[in-house]
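Student: Predicted model and sequence below, questions to follow.
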Amino acid sequence: MSATQELTFAEIAKHNTKKDLYLIVNEKVYDCSSFVDEHPGGEEVLLDVGGQDSTEAFEDVGHSDEAREILEGLLVGTVKRLPGDPAPKSVATPSTDSSTSTSTSGFGVGLYAVILLGGALAYGAYNYLQAQQAQQ
Ligand code: HEM
């Protein structure tokens, strides 16, 4: 089978059984039929995304380089997107990380404010007590 053939979404979607299983990962089409039984993550997860774009599912797991090599060996072609087909799934989600760090730094600033305020109050109380003692 040629690895350069272009398959439409509708064609790929037909290959969704255990014996005939195509997956899309990063705009490429892989025939996973021979690998289903060997998948360390189990056959169920592969069947769940059979005939569909499984880029997110595949990348979320953080598969090893070895897994990616196996994947390349199963390549059968590329996706031919027609108007109306689902958009390619993007993998990189750096925005999540940056928003987390932003909220962390926001908390840090709040913490500083509380410490400074506490210090100022303690300093004020100390001065007040000193003044009281001086009066006696
Ligand atoms: C044809 C595509 C795939 C190949 C070649 C593949 C290959 C592998 C390999 C070799 C491992 C062992 C750990 C590693 O080397 O990273 C693994 C683990 C795993 N895979 Fe996949 N995988 C594929 C697709 C998927 C998909 C679509 C899912 C969906 C969620 C998935 C879920 C998992 C999980 C959960 C594990 C961890 C199993 C464990 O450590 O108990 N895999 N896969």
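Tutor: That came through fine.
Student: CA atoms for contacts and neighbours, from now on please.
Tutor: OK.
Student: ok, which residues in this structure are in contact with the ligand?
Tutor: 32, 39-41, 45-46, 54, 57-58, 61, 63-64, 66-67, 70-71 (Cα under 6 Å from any ligand atom).
Student: Let's test this: mean pLDDT of stretch 127-136, rounded?
Tutor: Per-residue pLDDT over stretch 127-136 has a mean of 84.
Student: measure the residue located most distally from the centre of the chain to the ligand for me?
Tutor: What lies farthest from the middle of the chain is residue 136; by Cα atoms, centre = their mean that is 68.1 Å. Residue 136 sits 74 Å away from the ligand, going by Cα to the nearest ligand atom, to the nearest Å.
Student: ok, back up a step: let's see which of the residues of the chain next to the ligand end up in helices.
Tutor: 45-46, 57-58, 66-67, 70-71 (DSSP state H).
Student: which two in these are spaced the farthest apart?
Tutor: 45 and 66 (18.4 Å; Cα to Cα).
Student: So for these two, which sits in the more crowded spot?
Tutor: Neighbours of residue 45 and residue 66, each counted by other Cα atoms under 10 Å, are more numerous for residue 45; the result is 14 against 9.
Student: Surely residue 74 and residue 32 touch.
Tutor: Yes: Residue 74 lies in contact with residue 32 (Cα atoms under 8 Å); the separation is 6.4 Å.
Student: out of those two, which sits in the more crowded spot?
Tutor: Between residue 74 and residue 32, residue 32 has the larger neighbour count (other Cα under 10 Å), namely 26 against 19.
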